[in-house]
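Q: Build the 3D model from these lines:
(one chain, ligands or ions: 2)
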Amino acid sequence: MDARRIAVVDRDRCNPRKCGQECIKFCPRVRAGEEDTIRLEDGFLVIDEDLCMGCGICVKKCPFSALFIVNLPAPLEGEEIHRYGVNGFVLFRLPIVRMGSVVGLVGPNGIGKTTIMRILSGELVPNLGDPHAELDWDEVIRRFRGTEIQNYLERLAGGRVRVVHKPERIDLLPRAFPGTLREALERADERGVARELAEELGLSDLMDRKLSELSGGELQRVAAIAASSKEADVYMFDEPCNYLDVFQRMRIASVIRGLAEAGKGVLVVEHDLAVLDYLSDYIHVLYGVRGVFGVVSYPHGTREGINIFLDGYLPDDNVRFREYSISFSRRSTAGKVETLPLVSYSELVKEYDSAFRLTVEPGELRAGEVVVAVGPNGIGKTTFVSMLAGVIEPTSGEVLAEDIKVAYKPQYVRPEQDGTVYSLLKSMAGSQLSSSFFRAEVLHRLGVDGLMDRRLSELSGGELQRVAVAATLGMDADIYLLDEPSAFLDVEMRLALAKAIKRRVEGEDRAAIVVEHDLITIEALADRIILFTGDPGVEGHASSPMPVERGMNEFLREVGITFRRDPRTGRPRVNKPGSRLDVEARASGRYYA
Ligand code: ADP
Ligand code: ADP
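A: Ligands and ions are numbered 1, 2, ... in the order given. Prediction:
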């Protein structure tokens, strides 16, 4: 039997009034008289998946790149959960929700995580793949007879499951709630835990601030506390770690685990693999084609699930869903030729009205290297980077020589002007746009080449991040400063990002400093490390750049976690506190394996 074929039309792009309808004109089936194969219905393009031969001519001819014809990699017969309209995105299978457990979802953006959450929270009644069907829950439940999901959906349909959801877009919270943090938490606090959680997550001093006055990292914690304080049966967390430092990530992880330990069902979408690994009891791997279809794997144990994701091969479906495996070999810097110092800075001090004081050990950056700045939030990383960028003046000390050019991507990226991605890149990175090296190594790697005609105001958080990184790397600079470039990116994109940054500086008289909290991205990026320590919000201390091994070891000691390596993939795994490996690592002082 032929593999099943699906045809998807991106309705935002398809515009039959503005093109020559090449897709219809050039379709061999239409030319042979089978006119229903691809046709207009009430002005909308419709492709008949049974008649289509899958030649792909329409896909190539479409001037708006609006068509996708894809052979499904696995049978998946009868496993459709939802289809968004005729020739819309299709979701296959659902994850389990298990009381007392944390279920983690890992996979790229754009393949159905939000759709899954909408269905499992009862907001969307799925149509089981028939876009014309308007089903009620009974009809949906019948499909799941005899499975674990049946029981869950029955309770959901009967109004016996209350679901709470921590949204991905925390930047929208202040608009939804104009009051203070205290008021927000009081309103959410059905379980009487908000005050304690606020204390635990370091927000107690901010209670009288308005949400609109909080930083992204603070809002992220507020959102997690608000969700955890509600009385519910099931808690869903969509990317709970963006903007948080490693300390805060571990604390959020223990708050989330606490919910499961109290018997609640928990679903988490997270791209920080070290945290997801630490947090989850089960993993569902999601694979598919962005905007076209998404498949949920059967549940796996955490280690196995994440390894499947990294391997790119799912044995359940016998599907290779990525052409390559992701592996982690500890990069040895031993063989690396030490390049010449590119720039240096003296000891620096910055004081903000005696409220915060940062001291920076002198350092130099070498040509072609990437230095990663690690440490808690509020410790002065942005202050350091802004001093180097010449945005703020140090209280004492010498920053870079005047002729050193610095390109800077701040932590929060908001487009200042509207316009298209192309117009932004043209203004920031004009000369690089004609470089085939830059187009291949940065624009293509980051998938920005496919976004050129999109408006900045319509981009998702991840898309905006990729555009901002590409535009910054396209500037003609000696030093690239990138503040948390991995936020909102999926795992593949985080690794692509690391490559793009390295390619841009390698072998050149340039260097990069990257502020980063995702342990796996830190490893993929760092040639050396600057460690920030101190008392967040009070005083901070930045080390000179130091070797990765030493920097990571000291950093993990500060965070209070130890690592082991997964024997198969080499990926770092956080040891459970108090486990045998954890105790041994602490005793020997080897936090970083
Ligand atoms: P994720 O959360 O993994 O990024 P979503 O579940 O939001 O993915 O969406 C998956 C795909 O479904 C999107 O690429 C989009 O094309 C499509 N989609 C989402 N919502 C709708 C909708 N309301 N109508 C039509 N298509 C949609
Ligand atoms: P990080 O990047 O490590 O999160 P920052 O450099 O942004 O840290 O901030 C360090 C400390 O300095 C914080 O307590 C912050 O509130 C304070 N701070 C930052 N900018 C200013 C400023 N312009 N005026 C006063 N205090 C500031």
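
Q: Which parts of stretch 376-394 count as buried, going by neighbours?
A: 376-389, 392, 394 (16 or more other Cβ atoms under 10 Å). All C-beta atoms are positioned from the backbone trio N, CA, C, and that covers glycine.

Q: same thing with stretch 319-327?
A: Neighbour-count burial for stretch 319-327, with 16+ other Cβ under 10 Å as criterion, is recorded at 319, 321-322, 326.

Q: For the residues you listed, which two are the farthest from each other?
A: For these, the maximum inter-member distance is 16.4 Å, found between 319 and 326 (Cβ to Cβ).

Q: tell me the secondary structure for residue 131?
A: With DSSP: H, G, I helix; E, B strand; the rest coil as the basis, residue 131 sits in coil.

Q: same deal with residue 151?
A: Under the three-state scheme (three-state DSSP), the conformation of residue 151 reads as helix.

Q: neighbours around it, how many?
A: The burial count assigned to residue 151 is 12, neighbours taken as other Cβ atoms under 10 Å.

Q: and residue 533, bridged to which residues?
A: Using DSSP bridges, the bridge partners assigned to residue 533 are residue 541.

Q: Hmm, it is touching residue 379, no?
A: Yes - with the criterion set as Cβ atoms under 8 Å, residue 533 and residue 379 qualify as a contacting pair; they are 7.3 Å apart.

Q: what residues are shared contacts of these two?
A: Counting by Cβ atoms under 8 Å, 6 or more residues apart in numbering, the residues touching both residue 533 and residue 379 are residue 540.

Q: Ligand 1 contacts on this structure?
A: For the chain, the residues found near ligand 1 under the criterion Cβ under 6 Å from any ligand atom are 84-85, 88-89, 109-115, 291.

Q: What subset of those residues is buried?
A: 84, 88-89, 109-113, 115.

Q: I'd like these as JSON lines, with secondary structure appended.
A: Putting these into JSON lines (three-state DSSP) gives the following:
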{"residue": "84", "secondary structure": "coil"}
{"residue": "88", "secondary structure": "coil"}
{"residue": "89", "secondary structure": "coil"}
{"residue": "109", "secondary structure": "coil"}
{"residue": "110", "secondary structure": "coil"}
{"residue": "111", "secondary structure": "coil"}
{"residue": "112", "secondary structure": "coil"}
{"residue": "113", "secondary structure": "helix"}
{"residue": "115", "secondary structure": "helix"}
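
Q: out of those, who's nearest residue 269?
A: Out of those, the member with the shortest distance to residue 269 (by Cβ to Cβ) is residue 113, at 4.9 Å.

Q: Quick one: residues contacting that closest one.
A: Shown here is residue 113, whose contacts under the criterion Cβ under 8 Å, 6+ apart are 105, 107, 238, 269, 286.

Q: Kindly recompute the last result at 6 Å.
A: Contact criterion Cβ atoms under 6 Å, 6 or more residues apart in numbering gives 105, 269 as the residues in contact with residue 113.

Q: where does it land on pLDDT?
A: Per-residue confidence at residue 113 stands at 92 (pLDDT).

Q: and it, how far is that from ligand 2?
A: In this structure, residue 113 lies at 28 Å from ligand 2, with Cβ to the nearest ligand atom, to the nearest Å as the measure.

Q: cool, and residue 546?
A: Here the criterion is Cβ to the nearest ligand atom. By it, residue 546 lies 18 Å from ligand 2.

Q: And the buried residues of stretch 319-327, which is closest to residue 67?
A: Taking the buried residues of stretch 319-327 together and measuring to residue 67 by Cβ to Cβ, the closest member is residue 321, at 21.7 Å.

Q: ok, and the closest non-adjacent residue to that closest one?
A: residue 287 (3.6 Å; Cβ to Cβ, 6 or more residues apart in numbering).

Q: Then residue 39?
A: Using Cβ to Cβ, 6+ apart and skipping the chain neighbours, the partner closest in space to residue 39 is residue 46 (5.7 Å).

Q: Which strand or helix spans the one you found?
A: In this assignment (DSSP states H and E), residue 46 forms part of strand 44-47.

Q: Mind telling me what element residue 266 is part of?
A: Remark: residue 266 resides in strand 265-269, with elements defined by DSSP H and E.

Q: how much space between the closest residue to ligand 1 within the stretch 251-400 of the chain and residue 577?
A: For the stretch 251-400 of the chain, the residue positioned closest to ligand 1 under Cβ to the nearest ligand atom is residue 291, at a distance of 3.7 Å. Look at residue 291 and residue 577: by Cβ to Cβ, to the nearest Å, they are 41 Å apart.

Q: ok, back up a step: output the residues of the chain next to ligand 1 in JSON lines; the columns should cover distance to residue 252.
A: As requested, the residues of the chain next to ligand 1 are arranged in JSON lines below (distance: Cβ to Cβ, whole Å):
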{"residue": "84", "distance to residue 252": "31"}
{"residue": "85", "distance to residue 252": "36"}
{"residue": "88", "distance to residue 252": "34"}
{"residue": "89", "distance to residue 252": "30"}
{"residue": "109", "distance to residue 252": "20"}
{"residue": "110", "distance to residue 252": "24"}
{"residue": "111", "distance to residue 252": "24"}
{"residue": "112", "distance to residue 252": "24"}
{"residue": "113", "distance to residue 252": "18"}
{"residue": "114", "distance to residue 252": "20"}
{"residue": "115", "distance to residue 252": "24"}
{"residue": "291", "distance to residue 252": "30"}
